[in-house]
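Chemist: Pasting the sequence and the predicted coordinates here, then a few questions.
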Amino acid sequence: MGCEFTFIHCADLHLGSRCWGSRHDDPALGKRFYGATFASFRRIVDLGISRADFMVISGDIYDDLNETPRTRLFFASEMKRFAKPCFIVTGNHDARHSWSESIPYPSNVYQFGTAPMKYRVSVKGTPVEITGVSFDGPHTDENLVSKLRGSPGVFTIGVVHCEVGTAGGYAPCSMEDFLGKDIQYWALGHIHKRMVMREAEPVVVYPGNIQGRDIAESGEKGCMLVHVDGGNVTPEFVPTQEIIWKEVAADITGKSTLGELIDSVKAEIPPDSVIGLNIVGKGALNKAIRQNPSDIAERVEEETGCPTTIRKVTCTDDIDLEKIAQGETLASAIVKAGESFYAMSEEELLDAICCTAPSKDIRIYLEYFAKHGRLHDLVREAQLSAVSRILEGSE
C-alpha cells in the first residue's frame, strides 16, 4: 500500500434544501439562500478538478422531496464536469423517483447498491479499492458498517451513511464495528457536524454537511481533502460554504450604552454570515433592550450588512437569584418555582406546560422548542422577567 493519492470525501449535500431562520423577505437574499447548497458543491467540484484523483460521497445528495429534475440535472452536470471517478452511496434522504432513470448519471459515477459492493480505481498504476453499501429507504435498523470489508494488501475506503452510537433508525453502529476490516479510511455520512471519530488504523471521519441551513448548523462547512501517502492518511478540511451561520453572544455585563454593546457584537461577526444574537449578561442595559430587542438586531444588520435575528434574550437586571430565593417574598416564590421547572427534562416540562385543555392546543408549537432544547430557556426568561418587574415595582 505504498501509493500516494488524494481524494475528496463529502456527504449530506442536500441539494436544493432551503435555509431557515432568517426574518428576511429580501428576494435577492432568498435566492442566495436557495442557491447555497449548489454553490458549495460547485466549489467542491472545482477543488476536485484541481487537486483530487477521485471523489466519494457518503449519502444524502438530495433532500427528499427537494429532489426535482433540476437538482438531479445539476448533480449529473457537475459530475460530468468533474470527469474523474466518483463513488456514491444513497442515504436516508435520497428518495427514488419514477423519473430518476430519465436523468442518468455520467459514466464516471459509480453508485453502490443495497448489498455491499466493491470498485477499484487505478491511481498512478496502483489499485485503490472503494467498498460501500446504500440505504434502501428512509430508515434502516441494519448495521451497514458490519457488512463491509476490504481486501488485504490494498488501500480500501469504506463508504457508508450511518449513525455511530445510537440504537436504531439510521444504520446504527459502534466504533468497534470499524476495526479489523482491512479498511484504512471510513468515509461516513449522516451527521451534519464535522468529526474525526478516529485518527488512525483506521481513520473514521464525518465531514459534516456542505452548507449550514439554519443557525443550528453554524460555522464553516465543506468537505475533506484526504491525502494518502503510503500508510499515512491525512484528512484536510476545506471550507466551501456559501453562507456561514453564526451565533453571537451580546453580553450586556459591564456596558453602559447600547453603542458599546453593538460595537462588541460587530467585532465577532465574519463577512457574509447570517447572525443569531443571544443577548446575555446582567446590567443596566436590560430594561432598554427588553423594550424591543429587535432594534439591536436591526442596528447590527445595518452596520455589518449581515442578516441578523434575535435568537435568545436571557439578560437581566443585576440581581442575585440565589439570595432572593432565600427570602419569603413573592419574588422568592417565583425564583423557587422557576428552579423546580428548570430541573425537569424537556419532555417533562412540555407535559407540565400543556396540562390543561386550552394549552394542549399549542403543544404542537412548543414541541419545536422542546426538540431543540429551548423550553428551559423560555422558563428562565419568564422567571427573570417576572422577578425584574417585581423588584422594579418595589423600588
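Modeler: Cool, the structure landed.

Chemist: show me where the stretch 201-350 of the chain has strands.
Modeler: In the stretch 201-350 of the chain, the strands defined using DSSP state E, counting those that start in this stretch lie at 203-206, 222-229, 232-239, 244-251, 273-280, 308-313.

Chemist: In a markdown table, list those along with distance to V128.
Modeler: Glycine gets a C-beta too; all of them are placed from N, C-alpha and C. Shown next, in a markdown table, are these (distance: least, CB to CB, whole Å):
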| stretch | distance to V128 |
| --- | --- |
| strand 203-206 | 14 |
| strand 222-229 | 8 |
| strand 232-239 | 12 |
| strand 244-251 | 34 |
| strand 273-280 | 38 |
| strand 308-313 | 45 |
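
Chemist: of all these, which lies closest to D263?
Modeler: strand 244-251 (10.6 Å; CB to CB).

Chemist: Run through who's touching stretch 104-117.
Modeler: Stretch 104-117 is contacted by residues 75-76, 79-80, 82-90, 119, 130-136, 147-149, 159 when judged by CB atoms under 8 Å, 6 or more residues apart in numbering.

Chemist: if we can go back for a sec, could you identify which of the strands of the stretch 201-350 of the chain is most buried?
Modeler: Across those, averaging neighbours per residue (mean count of other CB atoms under 10 Å) puts strand 203-206 on top, at a mean of 24.

Chemist: Could you give the separation of it from the chain centroid?
Modeler: 17 Å (CA atoms, centre = their mean, to the nearest Å).

Chemist: That strand - contacts with which helices or strands?
Modeler: Contacts defined by 3 or more CB pairs under 8 Å, 6 or more residues apart in numbering; DSSP states H and E place strand 203-206 against strand 185-189, strand 195-199, strand 232-239.

Chemist: same thing but 6 Å
Modeler: strand 185-189, strand 195-199 (3 or more CB pairs under 6 Å, 6 or more residues apart in numbering; DSSP states H and E).

Chemist: Can you lay out those strands as JSON lines showing mean neighbour count, distance to T253 and mean pLDDT?
Modeler: As requested, the helices and strands packed on strand 203-206 are arranged in JSON lines below (neighbours: other CB atoms under 10 Å; distance: least, CB to CB, whole Å; pLDDT from 0 to 100):
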{"stretch": "strand 185-189", "mean neighbour count": "28", "distance to T253": "41", "mean pLDDT": "98"}
{"stretch": "strand 195-199", "mean neighbour count": "14", "distance to T253": "33", "mean pLDDT": "97"}
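
Chemist: Which among those is found nearest to L15?
Modeler: Of those, nearest to L15 by CB to CB is strand 185-189, at 13.9 Å.

Chemist: Quickly run through the sheet partners of that closest one, with directions.
Modeler: strand 155-161 (parallel), strand 203-206 (parallel) (DSSP bridges).

Chemist: Good, wrapping up.
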